[in-house]
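Engineer: Compute the structure for the input listed below.
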Amino acid sequence: QVQLVESGGGLVQTGGSLRLSCAASGRTFSNYAMGWFRQAPGKEREFVAAIRWSGRSTYYATSVKGRFTISRDNAKNTVYLQMNSLKPEDTAVYYCAAQSNYSALYYNTKEYDYWGQGTQVTVSS
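Structural biologist: Numbering: from 1, shown residues only. Next comes the predicted model:
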């Protein structure tokens, strides 16, 4: 079992930055691929970014590529999402997730076994 707790959300103006953190506890964090997803009101949960256990492979949704950076510190059992040049359309609840078995479908919510409770990000125009 893995427990995930997100933090770092908040209200920011267009063009601003936020850094989300996801602290993991339970089983060995370094064995898991980690992902960030988001869900806006009335919309389905969508993929944002993912990182393999080693940190050497990262993946991004087209909408955030070049603005967001995912990273992890296995010594601290934490994964981060640095979000720059934020836009109003980035407003959503952001969730981190852990994937216990390798899957090439890093963008698919069904491939993740554990989820955090989410943190709200609001970007004002």
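
Engineer: how about the strands in the chain?
Structural biologist: Here the chain has its strands, by DSSP state E, at 2-7, 10-13, 18-26, 33-39, 46-51, 58-60, 68-73, 78-83, 92-99, 114-115, 119-124.

Engineer: so who does the residue nearest the centre of the chain touch?
Structural biologist: Central residue of the chain (CA atoms, centre = their mean): Trp36, 2.1 Å from the mean position. By CB atoms under 8 Å, 6 or more residues apart in numbering, the residues touching Trp36 are 20, 22, 48-50, 70, 79, 81, 94-97. All C-beta spots, glycine's among them, are computed from the backbone N, C-alpha and C.

Engineer: try 10 Å
Structural biologist: 6, 20, 22, 47-51, 60-61, 64, 68, 70, 79-81, 83, 94-97, 116 (CB atoms under 10 Å, 6 or more residues apart in numbering).

Engineer: How about Ile70?
Structural biologist: 20, 34-36, 48-51, 55, 58-60, 64, 79-82, 96 are the contacts of Ile70 under CB under 10 Å, 6+ apart.

Engineer: Quick one: buried ones out of those?
Structural biologist: By neighbour count, with 16 or more other CB atoms under 10 Å, the contacts of Ile70 hold 20, 34-36, 48-51, 59-60, 64, 79-81, 96 as buried.

Engineer: Would you check which pair of those residues lies furthest apart?
Structural biologist: Spanning the widest gap among the buried ones among the contacts of Ile70 are Leu20 and Tyr59, at 16.6 Å by CB to CB.

Engineer: Next one: the nearest residue to the residue nearest to the centre of the chain once chain neighbours are set aside from Ser124, what distance?
Structural biologist: Distances taken as CB to CB, 6 or more residues apart in numbering place Val48 nearest to Trp36, at 4.3 Å, with adjacent residues excluded. Per CB to CB, to the nearest Å, Val48 is found 20 Å from Ser124.

Engineer: so how many other residues sit close to Asn31?
Structural biologist: 13 (other CB atoms under 10 Å).

Engineer: what's the closest non-adjacent residue to it?
Structural biologist: In space, Asn31 is closest to Trp53, 5.9 Å off (CB to CB, 6+ apart).
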